[in-house]
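Colleague: based on what follows, work out the 3D shape:
(one chain, ligands or ions: 1)
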Amino acid sequence: MNTALHPDYDLLEWRRRIPLVAGGTLIPMNNCSQAPQADVTRAAAEQYLESWNTSGMDWDAWLEQVQGAKAEFAKLIGAGTEEIAVFSSVSEATSAVASAIDFGGARRTVVVTEAEFPTVGHVWLAQERRGACVAWAPVADGRIAPAAYEPLIDTGTAIVSACHGYYLNGFTQELAPLAEMAHARGALLYVDAYQTLGTWPVDVKALGVDFLVSGNLKYLMGIPGIAFLYVRPEVVARLEPTVTGWFGRANPFTATVKELDWSPTASRFDAGTPPVMNAYVARAGMQIINSIGVAKIRAWHERLARRLIEGGRSRGLVLHGTDDVRRKTASTAFVVADAHGVEAAMRTRGVIASARGPVLRLAPHFYSTMDDVDTALDALAAVTQRA
Ligand SMILES: Cc1ncc(COP(=O)(O)O)c(C=O)c1O
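Modeller: Here you go, the predicted structure:
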């Protein structure tokens, strides 16, 4: 087998297990936005429907699935299950974290990167009413220079909010030095890893981050309506989110209305009844990723990214952001006029791409072939270079 053209796992077998891909009529290159359905994720959704239909109600089994999904997420990032809380979205998780931070004292600044997905910036800006002051770490030339944080993080900083991968052009930043800098100055580090998880080996213990969040529908092969938050055990005890509810208690099933007994673990960030059906699907999606192994997926992505960058260049397409595949997520962005029009035109040519602002993103995943990449680039070139 030519290892330049094939990954270190059975790609063809996985293609058979993803109906959209097996059908061959559409090429999904939109994983930065929504992953395709696999046999196991569909079966997981049906398992919940079947349980609901046949048992009427089975909370033990349903909550076991939520725990199982937390465990699968924990495995993905080198954490323990009790270090994970569950939400319905990244926005909600970020709000819960923000609600646990006191902006009334000496530390009022939130250092937020300009590369955050807008929702994360919005949550921090909403804290200004609570006394917070947002300072922006600038994006320049499509990336964030590590030195940009230097003048911003100081003894007035409560928390630094940084994405691992930039949703727009796939630039990734190094988290360990950032965690070190934030901690040395007494600040916490919150990381949105939505654009990297499932494609990039992440070990929260080695990185030293305080919080790491991700939803499930991009490279984790899942669906909307569920997100996970890692909270470093060393900081849990001093955090009491005001975005809370009965699942945040030490024991939700013995909780009383007049007592706020905080769970000693990250589950203090849980709030209401969890998204059960979504947890079934999320668990199955993350099992795909964990069973293949993120390191193998990452190695394949670097080769796909090289093909995208070089193939884009040879077709006269204009890359947005870095061309260093070691510093890129699985998404490669090209500058286009009318990105949504280009996305629609590409779909008529059998390629699902993802428009965002001034760029068209091509985001393959573990099941993608070099032929998929070439076809997508041909379609993009044809659509954008029509005379
Ligand atoms: C990096 C990143 N963070 C957050 C979001 C949105 O999160 P949610 O809709 O779950 O709040 C997205 C995209 O949907 C994203 O790409």
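Colleague: list the beta-bridge partners for Val134.
Modeller: For Val134, the beta-bridge partners under DSSP bridges are Val110.
Colleague: quick check, it in contact with Glu128.
Modeller: Yes. In this structure, Val134 is within contact of Glu128 by C-beta atoms under 8 Å, at 6.6 Å. (C-beta placed from N, C-alpha, C; glycine too.)
Colleague: of those two, which one has the most company?
Modeller: Neighbour tally, Val134 and Glu128, criterion other C-beta atoms under 10 Å: the higher count belongs to Val134, 16 against 13.
Colleague: can you check the pLDDT for the more buried one?
Modeller: Per-residue confidence (pLDDT) for Val134: 98.
Colleague: what distance do you get for it to Ala126?
Modeller: Separation of Val134 from Ala126 (C-beta to C-beta, to the nearest Å): 10 Å.
Colleague: so what's the residue sitting nearest the centre point of the chain up against?
Modeller: Ranked by distance to the mean C-alpha position of the chain (C-alpha atoms, centre = their mean), the top residue is Tyr194 at 1.1 Å. The contact partners of Tyr194, by C-beta atoms under 8 Å, 6 or more residues apart in numbering, come to Val90, Phe117, Cys163, Gly165, Tyr167, Val213, Ser214, Gly215, Lys218.
Colleague: burial measure for the first one, as a count.
Modeller: The one in question is Val90. So Val90, with other C-beta under 10 Å, has 22 neighbours.
Colleague: distance check, it against Ser314.
Modeller: 36 Å.
Colleague: quick one: Gln173 and Ala147 touch, right?
Modeller: No. Counting by C-beta under 8 Å, Gln173 does not reach Ala147; the two are 12.0 Å apart.
Colleague: so for the two, which residue has more residues nearby?
Modeller: Taking neighbours as other C-beta under 10 Å, Gln173 and Ala147 compare with Gln173 leading, 22 against 7.
Colleague: distance of the more buried one relative to Asp192?
Modeller: Distance from Gln173 to Asp192, by C-beta to C-beta: 11 Å.
Colleague: what's the answer for Val373, then?
Modeller: 27 Å.
Colleague: can you pull the contacts of Leu189?
Modeller: Ile159, Val160, Ala162, Leu175, Leu178, Ala179, Ala182, His183, Gly208, Val209, Asp210, Phe211 are the contacts of Leu189 under C-beta under 8 Å, 6+ apart.
Colleague: any idea what it is bridged to?
Modeller: Leu189 forms beta bridges with Val160, as assigned by DSSP bridges.
Colleague: find me the pLDDT at it, would you?
Modeller: We have a pLDDT of 98 for Leu189.
Colleague: point me to the residue of the stretch 251-387 of the chain nearest the ligand.
Modeller: Nearest residue of the stretch 251-387 of the chain to the ligand: Arg356, at 8.8 Å (C-beta to the nearest ligand atom).
Colleague: what about the helices in this protein?
Modeller: Secondary structure of the chain (DSSP state H): helices located at 11-16, 19-23, 39-55, 59-77, 90-99, 118-126, 176-184, 204-207, 233-236, 276-292, 294-314, 339-348, 370-384.
Colleague: re the thing from before, let's have the contacts of Leu189 in TSV, adding pLDDT, distance to Thr25 and neighbour count.
Modeller: What follows is those, written out as TSV (pLDDT from 0 to 100; distance: C-beta to C-beta, whole Å; neighbours: other C-beta atoms under 10 Å):
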residue	pLDDT	distance to Thr25	neighbour count
Ile159	98	46	26
Val160	98	45	28
Ala162	98	39	25
Leu175	98	39	22
Leu178	98	43	25
Ala179	98	45	23
Ala182	98	47	23
His183	98	50	16
Gly208	98	46	18
Val209	98	41	28
Asp210	98	45	23
Phe211	98	41	26
